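Peer 1: Structure, please.
(one chain, ligands or ions: 1)
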Amino acid sequence: MPSKKIQHILESQQFNRHWLLTQFFPEVARMKRLVEVKGVSSALSDKTVCLLFYEPSTRTRISFEQAAQKLGAKIASTENASEFSSAIKGESLADTIRVINSLKFDAVVIRSDMEGGAVEAANVSQIPIINAGDAAGQHPTQALLDVYTIFEHFKRLDNLKVALVGDLKNGRTTRSLAYLLGKFKKIHFDLVAPAAFQMKQDILDYFDRHNISHKRTKSLESVADQVDVVYLTRLQKERLKKNSKVNGNGVRLNDKVMAILNKKSIILHPLPRSDGFNEL
Ligand code: CP
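Peer 2: So this is what the prediction gives:
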């Protein structure tokens, strides 16, 4: 990770290829072995971590709690912080972070309900802020997990064709993954979504600035036989206007796609998958 006095994790662009390959991936492999062989460690036994979740989460919050506890850290946690913290009484995020700092925690894991919420928290924090998803902004820790998963399978991250599929407009996981995989060589992205759910301009500008090959399409079938990775996402219903009639993002991984899918490809989904729409 680039050296900064306080090492926040805010957006996936902050990581570089060299750090991922030479430090992060070996460390993840070491931690995986440690969990398999020993189950627990005391590496963080003198640390306390505050988990502040303003939006719902199953995987991220529970896995951060589990990871902290397996490493010996103590945790304080608030789920649904919009209602069950003093945010409901009008306290600003900045003031909440100042209070957590004053209570001498060692790190804050935050899922904000505002795009840019993690950056806002970092601006007033003397302890590391870890962005566990900021509305439709980014989800950098999910992207770190995703690139590790892809690397573990292919033993490389260069020269891959990746289909990002679904609600690319509102999905933070695909945005973070696009930034992170964009650091690698000869990456091609197929951005598979109807026009109303296509990738936002900031990512397209990033692709153009860095000469990253990409193509927009509505049809998963048209690219399925060529891709190495299919990264599916659900429709982000919670980001749509109230009473919106949309009931899906138009793209499903169905039997027809499976029949033509490159047999060496892998399918990833950050979950949760849609209850009614069945994109997966
Ligand atoms: N992948 C992910 O962020 O899932 P949760 O919303 O359940 O944490």
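Peer 1: hey, let's count contacts and neighbours off CA atoms from now on
Peer 2: Noted.
Peer 1: How about the contacts made by the nearest residue to residue 272 once chain neighbours are set aside?
Peer 2: Closest residue to residue 272 apart from its sequence neighbours, by CA to CA, 6 or more residues apart in numbering: residue 234 at 7.5 Å. Residue 234 is in contact with 166, 167, 249, 271, 272, 273, 274, 279, counting by CA atoms under 8 Å, 6 or more residues apart in numbering.
Peer 1: Of those, which is the most crowded?
Peer 2: residue 166 (30 neighbours; other CA atoms under 10 Å).
Peer 1: wait, what's in contact with that residue?
Peer 2: By CA under 8 Å, 6+ apart, the neighbours of residue 166 are 192, 193, 197, 232, 233, 234, 235, 249, 250, 251.
Peer 1: what do you get for residue 150?
Peer 2: Applying CA under 8 Å, 6+ apart, we find residue 150 in contact with 156, 157, 229.
Peer 1: What distance do you get for it to the ligand?
Peer 2: Counting by CA to the nearest ligand atom, to the nearest Å, the gap from residue 150 to the ligand is 16 Å.
Peer 1: Next one: that residue, what pLDDT does it get?
Peer 2: Looking at residue 150, its pLDDT stands at 98.
Peer 1: do residue 239 as well
Peer 2: With respect to pLDDT, residue 239 scores 81.
Peer 1: Next: residue 247.
Peer 2: Taking residue 247 on its own, its pLDDT is 60.
Peer 1: got the buried residues for the helix of greatest length in the chain?
Peer 2: For the chain, the helix with the greatest residue count under DSSP state H is helix 140-154. By 16 or more other CA atoms under 10 Å, the buried positions in helix 140-154 come out as 140, 141, 142, 143, 144, 146, 147, 148, 150, 154.
Peer 1: nearest to the ligand, of those?
Peer 2: The ligand has its nearest neighbour among the buried residues of helix 140-154 in residue 142, at 6.4 Å by CA to the nearest ligand atom.
Peer 1: For the closest one, which residues are in contact?
Peer 2: 132, 173, 176, 270.
Peer 1: please redo it, this time with the cut-off set to 6 Å
Peer 2: Taking CA atoms under 6 Å, 6 or more residues apart in numbering, we find residue 142 in contact with no residue.
Peer 1: Touching, residue 110 and residue 129? I think so.
Peer 2: No - the pair residue 110 / residue 129 is not scored as a contact, 7.1 Å apart, by CA atoms under 6 Å.
Peer 1: which residues are in contact with stretch 33-43?
Peer 2: Contacts of stretch 33-43 (CA under 6 Å, 6+ apart): 70, 71, 72.
Peer 1: and what of stretch 114-123?
Peer 2: Against stretch 114-123 from outside (CA under 6 Å, 6+ apart): 94, 129, 131, 134, 135, 136, 137.
Peer 1: Please report which of the residues you listed has the highest neighbour count.
Peer 2: Using other CA under 10 Å as the neighbour criterion, residue 131 leads the contacts of stretch 114-123 with 27 neighbours.
Peer 1: That residue touches residue 110, doesn't it?
Peer 2: Yes - if you go by CA under 6 Å, residue 131 and residue 110 touch, sitting 5.4 Å apart.
Peer 1: Check the burial of the nearest residue to residue 151 once chain neighbours are set aside by counting its neighbours.
Peer 2: Closest residue to residue 151 apart from its sequence neighbours, by CA to CA, 6+ apart: residue 157 at 5.8 Å. Neighbour count for residue 157, taken as other CA under 10 Å: 22.
Peer 1: Just the pLDDT at residue 157, thanks.
Peer 2: 98.
Peer 1: now do the one 10 residues further on
Peer 2: What the model reports for residue 167 is a pLDDT of 92.
Peer 1: That one: helix or strand, and which one exactly?
Peer 2: Applying DSSP states H and E as the criterion places residue 167 outside every helix and strand.
Peer 1: and what of residue 215?
Peer 2: Element membership for residue 215 (DSSP H and E) is strand 213-217.
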